[in-house]
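**Q** Need a 3D model of the sequence below.
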Amino acid sequence: MSITKKYTFQTSAEKDSWRADIIRRASSKNTVISKTQTGFKSEAEAVQWAEKELALFLEKQSARNKRQADKRT
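**A** Okay, the predicted model is just below:
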């Protein structure tokens, strides 16, 4: 069994542009696209956006989780 991260990103080519998706593992068999952006001219641009947005997404998620934990106590 392979170990995967809960959040990751994926790039894919569309007709004449690239698409980047931030993906969340909801379960071992199910994934959910949390955020997407299209219209990149190259794969490098899509990867750069995805890495930046994934870091921001994880930061926001961490802050939200901390707020929710504080409410529970």
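**Q** center of the chain, which residue is that?
**A** Computing the C-alpha centroid of the chain and ranking residues by CA atoms, centre = their mean puts I22 first, at 2.2 Å.
**Q** so which strand or helix has it?
**A** I22 is part of strand 18-25, with elements assigned from DSSP states H and E.
**Q** what's the model's confidence in that strand, averaged?
**A** The average pLDDT for strand 18-25 rounds to 94.
**Q** In terms of secondary structure, what does that strand contact?
**A** strand 7-13, strand 31-40, helix 43-72 (3 or more CB pairs under 8 Å, 6 or more residues apart in numbering; DSSP states H and E). The way it works is simple: take the backbone N, C-alpha and C, and place the C-beta from them, glycine included.
**Q** need these in TSV with mean neighbour count, can you?
**A** Formatted as TSV, the helices and strands packed on strand 18-25 follow (neighbours: other CB atoms under 10 Å):
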stretch	mean neighbour count
strand 7-13	14
strand 31-40	14
helix 43-72	12
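**Q** Using TSV, lay out these together with mean pLDDT.
**A** Output for those, formatted as TSV (pLDDT from 0 to 100):
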stretch	mean pLDDT
strand 7-13	93
strand 31-40	93
helix 43-72	92
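**Q** before we move on, back to that, confirm for me that the residue nearest to the centre of the chain is in contact with T31.
**A** No: the criterion here is CB atoms under 8 Å, and I22 misses it with T31 at 10.7 Å.
**Q** check contacts around S17.
**A** T38, G39, F40, K41 (CB atoms under 8 Å, 6 or more residues apart in numbering).
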